[in-house]
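**Q** Any chance you can model this:
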Amino acid sequence: MDTQSTDKDLEVHAPASSSLTLRFMAAPTDVIMAGSNSVHGGRVLQWIDKAAYACATAWSGKYCVTAYFGHIHFTRPIPSGHLVEVRSKVAHTGRTSMHIVNEVLSADPRDGKFTRAADCLVIFVAMDENRKPSPVPKWIPKTDDEIRTQQAALSRVELRRDIEASMRAQTYSADSSAPEMTTRFLAKPTDVNWGGNVHGGTAMEWIDEAATAITMNWAGRQTIAVYAGGIRFYKPIHIGDLVEVKARILRTGTTSMHLSVHVYCGEPRKGRGGLEKALHSTMTYVAIDDEFKPQPVPHFQPTTEEDKRLHAHDLALKALRDEYSPMPLVLPEGR
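**A** This next block holds a predicted model:
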């Protein structure tokens, strides 16, 4: 993604604000599992996408599309009934792109003490009336905290490039014995934004639902998302599209399950043969007990050549993250 700007490119309106906070209550309908009182990860991602989208459009003054969702860390579950804050702020701008850093916090409304539940980076691209990338105002950090946040965002550029290249190089076929689950449905009018495309956060919610189903089936108990990365959006999904979400476990740890999830879409009249890749993500889930303590999961032993290759691919992604060791997007609480 182009991160260079020129004076001519920046002949755009003066932005209103570089940050935004949404505050609301976590509702019972935000819980995915019967008997659970915790908001599922997909709904949290949907909240992040909405706040980050509002922040990006406020800065650019234009319609924006989600280009990348990455480095999503879930630090704890959010109980239904908690007061939630989603804080989004511009961390860096390119010629047409905006890097938005997001924090999700929640508090028991009886004491109002907010603590962090998740954080991540989302990249949006501004679009003109012809749906072509359009220049955005340049954001210049002024405070020490803004400078540090920009450096943290930039520290992920090369890592993101290498992860995307590694993910693009992989192929997925039926030559696999790995645990896998596929869901199919039509994209509804309620799934889209005012630009006519499916919200990025809605697509992330679909990913979480498929990943939750396959990990719970494999582990035989409740699971929660703890990390998502390498989430790349390839094409928009429209109302009425046939959507296919395919989740596959690549590797297991003692309590963790590492997955690859693809989203495909296309015209229903063309059937599955007309589906194109719209989104690809890697996810990590952990099995838990009723007190949210990690629990052991069955070991997945890759047997086919494809399974062995993808198992090695997931380990390579982990090695890349360890090698680059990007700066934290947000400082530990209390600092």
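**Q** Spell out the residue ranges of the strands in the stretch 201-335 of the chain.
**A** For the stretch 201-335 of the chain, applying DSSP state E, counting those that start in this stretch gives strands covering 223-233, 242-252, 256-266, 276-287.
**Q** List the buried residues for the longest one?
**A** It stands for strand 276-287. Along strand 276-287, these residues count as buried under the neighbour rule (16 or more other CB atoms under 10 Å): Ala278, Leu279, His280, Ser281, Thr282, Met283, Thr284, Tyr285, Val286, Ala287. In short, each C-beta sits where N, CA and C put it, glycine included.
**Q** Please apply the same query to stretch 244-255.
**A** For stretch 244-255, by 16+ other CB under 10 Å, it's Glu244, Val245, Lys246, Ala247, Arg248, Ile249, Leu250, Arg251, Thr252, Thr255.
**Q** Please apply the same query to stretch 120-139.
**A** Within stretch 120-139, the residues that count as buried by 16+ other CB under 10 Å are 120-127, 133-139.
**Q** what does stretch 309-321 give?
**A** Those would be Leu310, His311, His313, Asp314, Leu317, Leu320, Arg321, for stretch 309-321 by 16+ other CB under 10 Å.
**Q** what lines up beside the helix or strand hosting Leu22 in the sheet?
**A** Secondary structure from DSSP states H and E places Leu22 in strand 19-25. As defined by DSSP bridges, the strand partners of strand 19-25 come to strand 83-93 (antiparallel).
**Q** before we move on, back to that, relative to the whole chain's centre, how far out is the strand holding Leu22?
**A** With CA atoms, centre = their mean, to the nearest Å as the basis, the distance from the averaged C-alpha position of strand 19-25 to the chain average is 18 Å.
**Q** Which neighbouring elements make contact with the very next helix or strand once past it?
**A** Downstream of strand 19-25, the next assigned helix or strand under DSSP H and E is helix 41-60. With contacts defined as 3 or more CB pairs under 8 Å, 6 or more residues apart in numbering; DSSP states H and E, helix 41-60 has these neighbours: strand 19-25, strand 63-74, strand 83-93, strand 97-107, strand 115-127, helix 200-219, strand 223-233.
**Q** Work out the gap between helix 41-60 and the centre of the chain.
**A** Taking CA atoms, centre = their mean, one finds the center of helix 41-60 at 11 Å from the center of the full chain.
**Q** can you tell me which of the buried residues of stretch 244-255 lies nearest to Gln46?
**A** Distance to Gln46, by CB to CB, is smallest for Val245 among these, at 14.9 Å.
**Q** Does the closest one touch His262 like I think?
**A** Yes. Val245 is within contact range of His262, at 7.4 Å (criterion: CB atoms under 8 Å).
**Q** rewinding a little: TSV for the helices and strands packed on helix 41-60, including mean pLDDT and distance to Gly240?
**A** Shown next, in TSV, are the helices and strands packed on helix 41-60 (pLDDT from 0 to 100; distance: least, CB to CB, whole Å):
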stretch	mean pLDDT	distance to Gly240
strand 19-25	95	29
strand 63-74	89	19
strand 83-93	97	30
strand 97-107	97	29
strand 115-127	95	21
helix 200-219	93	15
strand 223-233	89	19
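**Q** just so I know, which of these lies nearest Glu291?
**A** Set against Glu291 and scored by CB to CB, the helices and strands packed on helix 41-60 come closest in strand 223-233, at 12.4 Å.
**Q** so what does the closest one touch, helix or strand wise?
**A** Counting contacts by 3+ CB pairs under 8 Å, 6+ apart, the secondary-structure elements packed against strand 223-233 are helix 41-60, strand 63-74, helix 157-168, helix 200-219, strand 276-287, helix 305-324.
**Q** could I get the ones you listed as TSV with distance to Gly81?
**A** Output for those, formatted as TSV (distance: least, CB to CB, whole Å):
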stretch	distance to Gly81
helix 41-60	14
strand 63-74	19
helix 157-168	36
helix 200-219	20
strand 276-287	23
helix 305-324	34
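**Q** Of all the ones you listed, which one comes closest to Lys293?
**A** The nearest among the helices and strands packed on strand 223-233, by CB to CB, is strand 276-287 at 9.7 Å.
**Q** got the CA positions of that closest one in CSV?
**A** Output for strand 276-287, consisting of C-alpha atoms alone and laid out as CSV, is shown next (Å, rounded to 0.1, in the frame of the first residue of the first chain):
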residue,chain,number,x,y,z
GLU,A,276,-14.2,-15.7,-5.7
LYS,A,277,-12.0,-15.2,-2.6
ALA,A,278,-13.2,-12.1,-0.7
LEU,A,279,-11.3,-12.5,2.6
HIS,A,280,-8.6,-14.6,4.3
SER,A,281,-7.7,-14.7,7.9
THR,A,282,-5.7,-16.6,10.5
MET,A,283,-7.2,-17.1,13.9
THR,A,284,-6.1,-18.7,17.3
TYR,A,285,-8.7,-20.1,19.7
VAL,A,286,-8.3,-21.5,23.2
ALA,A,287,-10.5,-24.1,24.9
